[in-house]
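A.B. asks: Kindly generate the corresponding structure for this input.
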Amino acid sequence: MGAEHQDTGAGVGVLDRRFSEPAAEPSTWAEVGEVLSAAGTYWLTTVRADGRPHLTPLIAVWHREAMYFCTGEGEQKARNLAVHPEVVLATGGSALKDGLDVAVEGSAVRVTGQRRLAELAAAWVAKYGEEWRFEPLDDGFRHAGPNGGALGTVPVFEVAPTTVFAFRKGGTYAQTRFRPQH
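C.D. replies: Residues are numbered from 1 along each chain as shown. Next up, the predicted model:
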């Protein structure tokens with residue numbers, strides 16, 4: 001493919017020349033997946049009921065071409081999702097001249113079903129270790145509190161990407177947009 005488009009199984013990556021250096025090539029979907037899989041923390045942006053933004057760090061997993069995160073039912077992000085399910089999950093590094101920052105846009109949809117949640121619980125342990133071992137229930141995860149006591153059901157959300165932006169820093173700066181096809 002040419003410098004303008006990068007064909008992927010999940011859509012076509014389009015280089016935005018307005019925000020890229022002349023010699024830039026688009027990032028690949030494989031590079032985006034590597035960044036999303038390897039990141040330890042992500043930034044979740046939600047919208048409060050009154051329209052104000054809310055930004056918070058959290059852990060998440062990239063699994064089967066979607067992002068997954070969990071939150072307590074009483075937390076601000078859970079209250080926001082009940083009104084506005086549209087979110088952005090972003091990750092990358094703070095270095096100006098190195099790395100690939102990735103932002104995933106989509107709607108957060110609650111995941112249910114013990115079998116599916118067991119698969120996701122295993123993904124959390126594989127990525128983050130035993131500290132993040134969850135018990136899968138029908139409607140979310142259960143996580144032991146600091147003294148081993150259960151903290152109740154923790155809802156799990158899936159964000160199937162509608163748009164993904166990849167911002168390459170250093171070397172040749174480039175902005176690539178993907179519109180995955182589900």
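A.B. asks: Going by neighbour count, which residues in stretch 165-179 are buried?
C.D. replies: Using 16 or more other Cβ atoms under 10 Å as the burial criterion, the residues of stretch 165-179 that qualify are 165-169, 174-178. Bear in mind the C-beta positions are built from the backbone N, C-alpha and C, glycine included.
A.B. asks: Start from the N-terminal end of this protein and give the strands.
C.D. replies: When assigned using DSSP state E, the strands of the chain occupy the ranges 5-8, 11-15, 42-47, 53-58, 61-63, 66-70, 86-91, 99-111, 135-136, 141-144, 150-154, 156-159, 163-169, 174-178.
A.B. asks: What strands flank the last one, and is each parallel or antiparallel?
C.D. replies: When you say that, I think you mean strand 174-178. Based on DSSP bridges, the pairing partners of strand 174-178 within the sheet are strand 11-15 (antiparallel), strand 163-169 (antiparallel).
A.B. asks: Out of those, flag the one nearest Gly74.
C.D. replies: With Cβ to Cβ as the measure, strand 163-169 is the member of the strands paired with strand 174-178 nearest Gly74 (30.0 Å).
A.B. asks: That closest one vs strand 66-70, what angle?
C.D. replies: Put simply, strand 163-169 runs at 90 degrees to strand 66-70, going by axes from the mean of the first three to the mean of the last three Cα atoms, to 10 degrees.
A.B. asks: Find the nearest non-adjacent residue to Val102, please.
C.D. replies: Distance criterion Cβ to Cβ, 6 or more residues apart in numbering; nearest residue to Val102, sequence neighbours excluded, is Val35 at 4.9 Å.
A.B. asks: How about Phe19?
C.D. replies: Nearest to Phe19 is Gln175, by Cβ to Cβ, 6+ apart, at 4.1 Å.
A.B. asks: Off-centre distance for stretch 125-140?
C.D. replies: 17 Å (Cα atoms, centre = their mean, to the nearest Å).
A.B. asks: Provide the contact partners of it at residue level.
C.D. replies: Outside of stretch 125-140, the residues that reach it under the criterion Cβ atoms under 8 Å, 6 or more residues apart in numbering are 59, 61, 70, 110-114, 117-118, 120-121, 124, 141-143, 153-156.
A.B. asks: if we can go back for a sec, closest one to Arg52 out of the buried residues of stretch 165-179, please.
C.D. replies: Distance to Arg52, by Cβ to Cβ, is smallest for Phe165 among the buried residues of stretch 165-179, at 22.6 Å.
A.B. asks: Who is that closest one paired with across the strands?
C.D. replies: Ala103, Arg177.
A.B. asks: Verify the contact between it and Arg179 for me.
C.D. replies: No - with contact defined as Cβ atoms under 8 Å, Phe165 does not reach Arg179; the gap is 10.6 Å.
A.B. asks: top helix in the protein by residue count?
C.D. replies: Longest helix in the chain by number of residues, with DSSP state H as the criterion: helix 114-128.
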